[in-house]
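Student: need a 3D model of the sequence below.
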Amino acid sequence: MRTQSLTLKRARRMRKALTPPELGLWLKLRNRQLAGFRFRRQHPIGPYILDFYCPEAQLAVEIDGESHGAEGAVAHDARRDAWLQARGVQTFRIPGDIAKDPYAAAQLILDVLRRRAPSVTS
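Tutor: Numbers count the residues shown, from 1 in each chain. Below you'll find the model as predicted:
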């Protein structure tokens, strides 16, 4: 129970300190602006905090900045993705250079949503 409490507190702090790419994308995702899908930012699931999460499509959207290319980070991301996948959550990773263009990033997410939940976007 203590781990969940710490994760939730950390997620709340992270919501107040979004990176510029996260903020730009959040402005495109919030208030159901992307085909009516609801997104949460810095959403805790188990021991992890997702950059963005769409509960309807069970889709985690992660912005991979420079730190994600480090050796330990790649293994951590793989473990995390496997943990999420085992719970039915698909992870979609957006490279940092693409995330700098929120319009392009939102379009990529919409493409994944259409494949993931076609009945909702029809």
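Student: helix or strand with the lowest mean pLDDT in this structure?
Tutor: helix 118-121 (a mean of 58; mean pLDDT, DSSP states H and E).
Student: list the buried residues in the helix or strand encompassing T91.
Tutor: Assessed by DSSP states H and E, T91 sits inside strand 90-95. Neighbour counts over strand 90-95 (16 or more other C-beta atoms under 10 Å) mark 90-92, 94 as buried. (C-beta placed from N, C-alpha, C; glycine too.)
Student: dump those to CSV, plus pLDDT and distance to R40.
Tutor: Supplementary listing: the buried residues of strand 90-95 in CSV, determined by pLDDT from 0 to 100; distance: C-beta to C-beta, whole Å:
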residue, pLDDT, distance to R40
Q90, 96, 15
T91, 96, 15
F92, 96, 15
I94, 95, 16
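Student: of those, closest to V112?
Tutor: Nearest to V112 out of these is F92 (C-beta to C-beta; 5.0 Å).
Student: before we move on, back to that, please compute how far the strand holding T91 lies from its chain's middle.
Tutor: 7 Å (C-alpha atoms, centre = their mean, to the nearest Å).
Student: how about stretch 29-36?
Tutor: Distance, stretch centre to chain centre, for stretch 29-36: 14 Å (C-alpha atoms, centre = their mean).
Student: stretch 91-101 too?
Tutor: On C-alpha atoms, centre = their mean, the centre of stretch 91-101 falls 10 Å from that of its chain.
Student: my guess is H43 contacts L59. True?
Tutor: No - with contact defined as C-beta atoms under 8 Å, H43 does not reach L59; the gap is 11.1 Å.
Student: when the two are compared, which one has more neighbours?
Tutor: L59 (22 against 18; other C-beta atoms under 10 Å).
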